[in-house]
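K.L.:
Predicted model follows, preceded by the sequence.
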Protein chains: 2
Amino acid sequence: MFVRAQVDYAHRAASSFASGGCGVRKLSAVPVFPRHQELLQNTRSPLGSRLAPARLQATSTSEMRESVRVSPMLLEEPVPAILEDIDTLVLDCDGVLWQGEDLIEGSKEALIKLREAGKQLLFVTNNSSKSRAMYVEKFRKLGIHAEKEEIIGASYAAAAWLKNQNFDKKVFSIGDVGVSLELEELGIEVASAEGAEGGPGCNVDQFKELKVDEDIGAVVVGCDQAFDYRKLCYASVAIQQGAAFVATNADSADSIGGRLMPGAGAMVEAIAAAAATRPTLVAGKPSPWLLQLLRTEFGVDFSRACVVGDRLDTDIQMGVDAGAKLNVLTLSGVSTWADVEAVQEAGEGAVPHVAVPTLSYLVG
Amino acid sequence: MFVRAQVDYAHRAASSFASGGCGVRKLSAVPVFPRHQELLQNTRSPLGSRLAPARLQATSTSEMRESVRVSPMLLEEPVPAILEDIDTLVLDCDGVLWQGEDLIEGSKEALIKLREAGKQLLFVTNNSSKSRAMYVEKFRKLGIHAEKEEIIGASYAAAAWLKNQNFDKKVFSIGDVGVSLELEELGIEVASAEGAEGGPGCNVDQFKELKVDEDIGAVVVGCDQAFDYRKLCYASVAIQQGAAFVATNADSADSIGGRLMPGAGAMVEAIAAAAATRPTLVAGKPSPWLLQLLRTEFGVDFSRACVVGDRLDTDIQMGVDAGAKLNVLTLSGVSTWADVEAVQEAGEGAVPHVAVPTLSYLVG
C-alpha cells in the first residue's frame, strides 16, 4: 500500500537540495554525514531483519511531484520551512524527545522554538507506565515544559475508551502505576486482584484454586515490569470469564541503549496466547479510537498537522491513517532508515514523508 | 486442506454402527450419551470460538469410502477392532492419560490392555516441565507403568536437536526443571544466568546494566511457572546477541479444571514479540524434527501407527503430517467435537479419523 498525498514540502526540500541549499536526500543507499552514522546504525529494526535498499523510480523533482507514492526523504540539514503550513505537531516521546531517562540532543531547544513559532504541541505516547500527571513531572525533571492537557498517553486512551463505553465494573490492570492512576482519575475501579500477586509462580494446584473476581469486566494491559506467570494466569482466566481484553498499546519493545527492551506488546501477546483470544481494543497508536480522541477532544485538524515518531508501525501508521499533512520519522529510536527502505520496497506498511536524525532537524 | 487417507476402520466402524453394533456417529450435531455430555461440553476451544457445525455431504457407508476427505467419527461405544492393523500407539499424556494430577477414567486399564495386546507404546508429550526420568516417576505415582525409553518429551526433543547441531555453547533456559535436566543429560551446559533472577522486575536503568553471558548460544523456552519480566528481558537480549531461539513447544494453554492454564506458547509469544523474531525451532509436536526423531530413534512406522491426542493443532496435526494409519482425538482435554466440526467446515487444519470421549474407548 502506498500513501497518496500532496508533497509540497518534498518538492520544496528537493528543489532546495538540487540548488545546493538545505541537505536532503531521496530514498537510496546514500552515505550520510559522519555524525549521523551512529544514530542511523545503532537502531534495531522492529521488522526483525534489514532488507535490501528500495529502488525508487522517480528521479527528478517533477516526477516526484507527479508520483502518487510517497518518496521519503532523509534530511541531513535542518529545514525550518518544512513546518510552514503546520499548526499542530503530534509528537511521540520515547525515541523522539528522550530515550529512557536521557534527553535526545536538541529536543529541548526544538520544543522551545516550536512554542515560540506558535505551534500547538500534543505529546502522544504509547508508553503506559506513567499517568499524564506523572509525565508533566518527567518533562519538568528533564528541563522541558508540558501541560497535562497536552499529553495523551495510551493509559489515558484506554481509560477514556472504557468511560466512553459506560463501563461500570472493575478493571484488572497489568501495567505500571500509570494505568491504574488514569483509570481511577476517570472514576473506574481498579480491582485489588487478590490471588494475582504474592507468589513466586503458579502451579497446577494453585491454578485450580485461583478465584478471579466475577465483577472484573475488563483486563487492561500495558507494559508491566513486574509481569509474571501468576498475573498471566489471572488475566487469562478473567478474560475467559468474559472480561474485555484492552491493550494500552501493542508496541513490542523500546530501544534502550541500543537494545530492545520488552514493551506492552510482549505481555499482550502472552495473554492473547494464554486466553486464546485477541484484544478487544488496542488503545494506543495507531488505533482509530486514538485518532477519534485527537480529533474530537483535542481538535486536531490533520490536514494542518505534522506527526513525529520513531516507529513506522505505530507513529507513522497513525499519521498515514489520519492523512496528516506531514509524517516525520526520527531516527533516534526504534525504526531505521533501512526499515523505511524495506517498507517502501515491500509496498506494505506506512512510509513517512521525511526521516530526520533527530527532532531538532525540523526547526534548525 | 483436506486429508487424503484410507479409512478402512471408518468403513468397518460405520458398518458396525449401521448393523446396530458398536455405537459410532458421523460428523453431525448429534446428541451424545448423557455420561459424555460433561466431557464434550467442559472443554475449551483452542480456536477461540465455537463455529457452526460442519455439514457433511457423505451420507452412506459407500460414499464415505469413496470420499478423499476424512469424515471424522464420534465413537460412543468402544471399538476394540479399530486397532487391529496397529503396531504402535503414539500417545499424548495431558488430556489423554491425565489432567494435571488426576488420571482420566479408564486410562490405566486401557494401557494395561494395550500392553497385553502387544502394542508398542510411546508417550509423546509437549509438556516440558518434566524430564523423562521425572515422567517415569509421575506414571508410577498414578499407578501406571512406563519405561524412560518409551517417553519423548518436548524438552528431550529440544535437547536432542541442539546435540544434533553439535551445539557447544551454553543454554539459557526458561522453563521448569525438566528442560535443564534433559539438556544436562545430553551434556549441554545450562547457564546460571546471573541477572535473570533475583529482582521483582526490571526498570530502564536495570535493563541498561543487564549483562548477558556472551557464551550463551541458545535460549530454550518451555512453560515456566516462575516466568517474569526479568527473564523476558534476559532471553530477549540473549537472542538479540545472536543466540538461537528454541521453543520446546508452542502449546499456548492446557485445559485444567475446565479453564485454560497458560502454556509454553504464551512465553514463546512474549519473547518473540520482545526480540522481534520467531523461534529458530519449535521442538515439540507437530514439528518435522520430532517426526524425524520418532522415525529414526524410535523406529515408528506410521503406516501401522495410531496417534492419540487431545489437541487438533499439535497431536492430530502431527499424525496427519506423518500420514499415520489412525489419528484419534480424545475429548478429555483441550479440543472439542465442535472444534473438529469447525476445522472440517473451514477446510483448514488437521482432522482426526475418530474422536472418542476417552482413551478407553479404543480398547473396550
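P.N.:
Received, thanks.
K.L.:
how close does the nearest residue to residue A:232 once chain neighbours are set aside get to residue B:253?
P.N.:
Take residue A:232 and drop its neighbours on the chain: the residue closest to it by Cβ to Cβ, 6 or more residues apart in numbering or on different chains is residue B:262, 5.1 Å away. C-betas here are computed from N, CA, C, even on glycine. Applying Cβ to Cβ, to the nearest Å, the value for residue B:262 to residue B:253 is 6 Å.
K.L.:
so what sits against both of these two?
P.N.:
Common neighbours of residue B:262 and residue B:253 (criterion: Cβ atoms under 8 Å, 6 or more residues apart in numbering or on different chains): A:236, A:273-274.
K.L.:
May I have stretch A:159-166 exported as CSV, CA atoms only?
P.N.:
Output of stretch A:159-166 as CSV, limited to C-alpha atoms (Å, rounded to 0.1, in the frame of the first residue of the first chain):
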residue,chain,number,x,y,z
ALA,A,159,-9.4,4.6,30.3
ALA,A,160,-11.2,7.1,28.1
TRP,A,161,-12.5,4.2,25.9
LEU,A,162,-13.9,2.4,28.9
LYS,A,163,-15.6,5.6,30.1
ASN,A,164,-17.0,6.1,26.6
GLN,A,165,-18.5,2.6,26.8
ASN,A,166,-20.2,3.4,30.1
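K.L.:
that older thread, pick out whichever of residue B:262 and residue B:253 has more residues nearby.
P.N.:
residue B:262 (28 against 25; other Cβ atoms under 10 Å in any protein chain shown).
K.L.:
Make sure residue A:359 is actually in contact with residue A:308.
P.N.:
Yes: contact between residue A:359 and residue A:308 holds when scored by Cβ atoms under 8 Å: they sit 6.4 Å apart.
K.L.:
Could you pull out the residues contacting both of these two?
P.N.:
In contact with both residue A:359 and residue A:308: A:91, A:96, A:330, using Cβ under 8 Å, 6+ apart.
K.L.:
buried subset of these?
P.N.:
A:91, A:96, A:330 (16 or more other Cβ atoms under 10 Å in any protein chain shown).
K.L.:
quick one: the first one and residue A:125, what's the gap?
P.N.:
This points to residue A:91. From residue A:91 over to residue A:125 (counting by Cβ to Cβ), the distance is 9 Å.
K.L.:
List the contacts of the closest residue to residue A:147 other than its chain neighbours.
P.N.:
Among residues not flanking residue A:147 along the chain, residue A:136 sits closest, at 7.1 Å (Cβ to Cβ, 6+ apart). Residue A:136 is in contact with A:146-148, A:151, counting by Cβ under 8 Å, 6+ apart.
K.L.:
so residue A:136 is in which element?
P.N.:
helix A:132-141 (DSSP states H and E).
K.L.:
Quick check: what element follows that helix along the chain?
P.N.:
strand A:151-153.
K.L.:
other SSEs contacting that next one?
P.N.:
Counting contacts by 3 or more Cβ pairs under 8 Å, 6 or more residues apart in numbering or on different chains; DSSP states H and E, strand A:151-153 packs against strand A:120-125, helix A:132-141, helix A:288-296.
K.L.:
in its sheet, what does it sit against?
P.N.:
Note on strand A:151-153: by DSSP bridges, its sheet partners are strand A:120-125 (parallel).
K.L.:
Convert the C-alpha atoms of the partner strand to PDB, please.
P.N.:
Below are the C-alpha coordinates for strand A:120-125, written out as PDB (Å, rounded to 0.1, in the frame of the first residue of the first chain):
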ATOM      1  CA  GLN A 120       0.100  23.600  19.100                       C
ATOM      2  CA  LEU A 121       2.000  20.800  20.600                       C
ATOM      3  CA  LEU A 122       0.500  17.400  21.600                       C
ATOM      4  CA  PHE A 123       2.600  14.700  23.200                       C
ATOM      5  CA  VAL A 124       1.100  11.400  22.300                       C
ATOM      6  CA  THR A 125       2.800   8.400  23.700                       C
END
